[in-house]
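1. Based on what follows, work out the 3D shape:
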Amino acid sequence: MTGSPTSLALRASQAGGRRAAVFLAGLLAAFAPLSASAAESPEPLKLVVHPAPEPYPALKYRFHPGLIESISGNAAVEYGKVTAEQRQTYFNDAIWKDLMRWLEAPLADLRREDAIVKTDFEKMFDDLDRAAACNHCDWQLPFRRQPFYAVLLSELQQTRNFARLLGVRARAEIGEGRFEEAIGRFRSGYRLAQHVDEGQTLIHSLVSAAIARILSAQLQQFIQQAGTPNLYWALATLPCPLVDTRPGVDGEHDILFLTFPELNEVETAAWPAERWQELAERVAAGLVEYRVLEGEFDAKRLLAERTPKLLPEAKHYLLDHGLSPEQVGAMSSPQIALVYTVKLYNELRDEMLKWYYLPYWQAQRPMEKVAERLEKIARQQQEILPLASQSLPPMMRARNTLVRADREIALLRAVELLRMFGAGHENRLPQQWSDVTEAPIPPDPVTGEPFAYSLRGATAIIEGPPLPDTPYVAQGPARPDIPLRVEVQFAK
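-> Prediction:
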């Protein structure tokens, strides 16, 4: 890790967002892919594809390395070599200007410009391929050596740039008809997403999803080219969900106590009133410094104003949650304020985070109910330190962002299934999903059910409900919720 000793909030802000795992809302826009997905566009996504049978053998192509390809080692070391050994190329602004343009340039333009076939990049791709083959990735974040909120995440923007490199190289190889090489880029890119996800913050999970979406956008180009192999089973080899949020959720669960370890003791400590007051003021000041509390907050004034106002409600809450009247009666006002803040935060944090362990389609509505409760708490100013009401609501939107990556992969599988069907049925599309017996129909991760399907003339239409909340795009204003609609035709 490198960088000045600024807080994680400031470091995240440099990457386009805010502090890891708490103020995620800004990051949802910052880590969006460069082009809007089908779910974020008011127009249906129209794909013209060619029938392609299941490859032989079926797992000829895999996006997850097998044991024979796997390397025993820490991928973070290999990713570090990309920038350490290629600084002159990697940090060349002129090259990156071309890269960003190439990422969406028409394939014909890429062929003319010979995009990313320069020998300067070959070592980078060798390093990225080697990193992708590593069997684990330990970013070695210093969570117990410094406050969690102050940890720098220097590696994250670099990994997103690795995805751009792989995406542009894959796009160039697709344009040149070098399909086998492009498949290798997809393998390295999706594996990069999984490695980034091994970081223990929800920001790592968000960046992981953004990386996957960059690669999926190029795979969308791949499947529209004549002669490309069918990648249904390659996509099926990816973990589902691709982004395993457990490491980030585990970090989020403990983030407050890894920053202020003394808060672990508040329910059993017998400190004098002066120490309780000092700790309450220090925690409040730290939450303001780390921008957990967003806005113009004066820590001491916040405590002075809200503690006497909310003291009766805080006492009532403690009595309802396991403390005896004698215990509450023996507490000083700052002790009640701090114990109430921690217990209420723990309750609301778990009510939100527990749904991350279930499929999205099971968790969506319960998480919305938690968000509604948090909105009410914020509106009525029911917290002495507004920790839960400020830090937890963005997690709902983060969950929506994460499921988009899985939805795009499921959509690609559905289109590959249509290509597989067409190869065995005289280039025809199925009338309904029940006609398809070549492979399982992938479910929509948003609903847990197969995408809606219909055939209108020569056009297959795949549909799904909109994602809740407002989807983000890389540029321009946010748009209202838009249902997913993909129109697929076979090339004539």
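2. what is residue 459 paired to in the beta sheet?
-> Beta-bridge pairing for residue 459 (DSSP bridges): residue 456.
3. ok, which stretches of the protein are strands?
-> Secondary structure of the chain (DSSP state E): strands at 45-49, 71-74, 134-136, 452-456, 459-464, 484-490.
4. want to try a markdown table for those strands, with distance to residue 393 and mean neighbour count as columns?
-> Just so you know, the C-beta spots here come from the backbone N, C-alpha and C atoms, and that holds for glycine as well. A markdown table is the format used below for those (distance: least, Cβ to Cβ, whole Å; neighbours: other Cβ atoms under 10 Å):
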| stretch | distance to residue 393 | mean neighbour count |
| --- | --- | --- |
| strand 45-49 | 30 | 17 |
| strand 71-74 | 35 | 14 |
| strand 134-136 | 33 | 15 |
| strand 452-456 | 30 | 14 |
| strand 459-464 | 25 | 19 |
| strand 484-490 | 25 | 20 |
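5. I'd like those as a markdown table, with mean pLDDT and distance to residue 204 appended.
-> A markdown table is the format used below for those (pLDDT from 0 to 100; distance: least, Cβ to Cβ, whole Å):
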| stretch | mean pLDDT | distance to residue 204 |
| --- | --- | --- |
| strand 45-49 | 95 | 28 |
| strand 71-74 | 94 | 15 |
| strand 134-136 | 95 | 14 |
| strand 452-456 | 97 | 33 |
| strand 459-464 | 96 | 27 |
| strand 484-490 | 94 | 26 |
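6. Let me have the ones you listed in a markdown table, extended by distance to residue 382.
-> Listed next are those as a markdown table, based on distance: least, Cβ to Cβ, whole Å:
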| stretch | distance to residue 382 |
| --- | --- |
| strand 45-49 | 44 |
| strand 71-74 | 45 |
| strand 134-136 | 43 |
| strand 452-456 | 42 |
| strand 459-464 | 37 |
| strand 484-490 | 38 |
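7. Select, out of these, the one closest to residue 194.
-> strand 134-136 (10.1 Å; Cβ to Cβ).
8. other SSEs contacting that closest one?
-> Under the contact criterion of 3 or more Cβ pairs under 8 Å, 6 or more residues apart in numbering; DSSP states H and E, strand 134-136 touches strand 71-74, helix 75-85.
9. Could you say which of the ones you listed is packed most deeply?
-> When these are scored by mean count of other Cβ atoms under 10 Å, the highest mean neighbour count falls to helix 75-85 (a mean of 18).
10. next one: that helix to chain centre, how far?
-> In this view, helix 75-85 has its centroid 22 Å away from the chain centroid, taken as Cα atoms, centre = their mean, to the nearest Å.
11. Report all helices and strands that it contacts.
-> Here helix 75-85 touches helix 122-133, strand 134-136, helix 155-175, helix 179-196, going by 3+ Cβ pairs under 8 Å, 6+ apart.
12. any idea of the angle it forms with helix 155-175?
-> Taking axes from the mean of the first three to the mean of the last three Cα atoms, to 10 degrees, one finds helix 75-85 and helix 155-175 inclined to each other by 80 degrees.
13. neighbours around residue 376, how many?
-> Here the number of neighbours of residue 376 (other Cβ atoms under 10 Å) works out to 11.
14. Let me see the contact set for it.
-> By Cβ atoms under 8 Å, 6 or more residues apart in numbering, the contact list for residue 376 reads residue 382.
15. Which pLDDT value belongs to it?
-> Per-residue confidence (pLDDT) for residue 376: 95.
16. How about the one 10 residues further on?
-> You'll see residue 386 listed with a pLDDT of 90.
17. so where's the stretch 251-400 of the chain uncertain?
-> In the predicted model, the stretch 251-400 of the chain carries no residue with pLDDT under 70.
18. For the nearest residue to residue 288 once chain neighbours are set aside, grab the count of nearby residues.
-> In space, and not counting its chain neighbours, residue 288 is closest to residue 297: 4.8 Å by Cβ to Cβ, 6 or more residues apart in numbering. Around residue 297 there are 17 other residues, counting by other Cβ under 10 Å.
19. ok, residue 297 touching residue 289?
-> No - Residue 297 lies out of contact with residue 289 (Cβ atoms under 8 Å); the separation is 10.1 Å.
20. would you turn the helices and strands packed on helix 75-85 into a markdown table with distance to residue 148?
-> Formatted as a markdown table, the helices and strands packed on helix 75-85 follow (distance: least, Cβ to Cβ, whole Å):
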| stretch | distance to residue 148 |
| --- | --- |
| helix 122-133 | 26 |
| strand 134-136 | 22 |
| helix 155-175 | 16 |
| helix 179-196 | 18 |
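21. Out of those, which is closest to residue 302?
-> For residue 302, the closest of the helices and strands packed on helix 75-85 is helix 155-175, at 31.4 Å, according to Cβ to Cβ.
22. could you dump the closest one to PDB, C-alpha only?
-> Output of helix 155-175 as PDB, limited to C-alpha atoms (Å, rounded to 0.1, in the frame of the first residue of the first chain):
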ATOM      1  CA  GLU A 155      -4.800  -1.300  -5.300                       C
ATOM      2  CA  LEU A 156      -8.500  -0.900  -6.300                       C
ATOM      3  CA  GLN A 157      -8.200   1.700  -9.100                       C
ATOM      4  CA  GLN A 158      -5.300  -0.200 -10.600                       C
ATOM      5  CA  THR A 159      -7.400  -3.400 -10.700                       C
ATOM      6  CA  ARG A 160     -10.200  -1.700 -12.600                       C
ATOM      7  CA  ASN A 161      -7.600  -0.500 -15.100                       C
ATOM      8  CA  PHE A 162      -6.400  -4.100 -15.500                       C
ATOM      9  CA  ALA A 163     -10.000  -4.900 -16.500                       C
ATOM     10  CA  ARG A 164      -9.900  -2.100 -19.100                       C
ATOM     11  CA  LEU A 165      -6.600  -3.500 -20.500                       C
ATOM     12  CA  LEU A 166      -8.100  -7.000 -20.800                       C
ATOM     13  CA  GLY A 167     -11.300  -5.600 -22.200                       C
ATOM     14  CA  VAL A 168      -9.600  -3.600 -24.900                       C
ATOM     15  CA  ARG A 169      -7.300  -6.500 -25.800                       C
ATOM     16  CA  ALA A 170     -10.200  -8.900 -26.000                       C
ATOM     17  CA  ARG A 171     -12.100  -6.400 -28.200                       C
ATOM     18  CA  ALA A 172      -9.100  -6.000 -30.500                       C
ATOM     19  CA  GLU A 173      -8.700  -9.800 -30.800                       C
ATOM     20  CA  ILE A 174     -12.400 -10.200 -31.500                       C
ATOM     21  CA  GLY A 175     -12.100  -7.700 -34.300                       C
END
